[in-house]
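Asks: predicted structure and sequence below. I'll ask about it afterward.
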Amino acid sequence: MSLFALAFAKVLGARVIATTSSAAKAARLAELGADEVVDYRATPDWSQEVRELTGGRGADRVVDVAGLLEESLRAVRTAGHVACVGFVSGAAPPIDPRVLFSSGATVRAVAVGSRAQFLAMNRAVEVNRLRPVIDRVFTFDDAPAAYRHYASRRAFGKVVITI
Ligand SMILES: NC(=O)c1ccc[n+]([C@@H]2O[C@H](COP(=O)([O-])OP(=O)(O)OC[C@H]3O[C@@H](n4cnc5c(N)ncnc54)[C@H](OP(=O)(O)O)[C@@H]3O)[C@@H](O)[C@H]2O)c1
């Protein structure tokens, strides 16, 4: 998932193939506009499924929040783009340079962004009336439970601590 990536992609008119780890989350992703959903737990080589869903071509752009760059490079179309955003999978598998070479892809590390990009993003959020998906709200006193809930990977959307 990574729900804002899905929301922005849909605003831009993209067909979105999302990855997630359960049927329940897949159903909610579809409700939010994902055109196809691939279960990365059931299908660890999900890039193959992305290729099949795109007629062998591959995705134009991959937003990688998991840190599974080699799989992202296998999923992207020739000379496509991979945005390296995070490493939430906790794994740090090596990248075969031959996979990078043969993808012809541009890999770009995305680290937050500039103030101008932040303002442009906020305009897009406002104009398109995008709302964050909130999973649960915890009080500050209950902050440890909030972290435990987030770590459990059951959350769908943001886990909020109010101050
Ligand atoms: N570069 C930057 O500027 C920037 C800014 C903010 C955040 N980040 C990073 O971006 C990442 C995502 O943040 P977020 O707020 O979107 O987190 P999030 O809401 O927890 O979403 C991350 C998603 O990654 C998926 N995931 C977890 N383990 C995975 C695995 N082994 N393989 C594939 N997918 C896996 C999970 O999918 P399911 O739960 O659906 O299975 C989860 O929904 C984090 O690493 C964060 O540190 C980077």
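Replies: Noted; the coordinates are in hand.
Asks: part of a helix, is P144?
Replies: Yes: membership of P144 in a helix is supported by DSSP: H, G, I helix; E, B strand; the rest coil.
Asks: what's the burial count for it?
Replies: Number of residues near P144 (other C-beta atoms under 10 Å) recorded here: 9. No exception for glycine: its C-beta is placed from N, CA and C like everyone else's.
Asks: is the ligand within reach of stretch 61-81?
Replies: Yes: against the ligand, stretch 61-81 shows contacts by C-beta under 6 Å from any ligand atom at V65, A66, L68.
Asks: can you tell me, leaving aside adjacent residues, what's nearest to the second one?
Replies: Taking C-beta to C-beta, 6 or more residues apart in numbering, and ignoring the residues beside it in sequence, A66 has S89 as its nearest neighbour in space, at 4.0 Å.
Asks: next one: the last one
Replies: Among residues not flanking L68 along the chain, S89 sits closest, at 5.8 Å (C-beta to C-beta, 6+ apart).
Asks: coming back round to it: which among the residues of stretch 61-81 next to the ligand end up buried?
Replies: V65, A66, L68 (16 or more other C-beta atoms under 10 Å).
Asks: can you lay out these as TSV showing secondary structure and pLDDT?
Replies: Output for these, formatted as TSV (DSSP: H, G, I helix; E, B strand; the rest coil; pLDDT from 0 to 100):
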residue	secondary structure	pLDDT
V65	coil	93
A66	coil	93
L68	coil	91
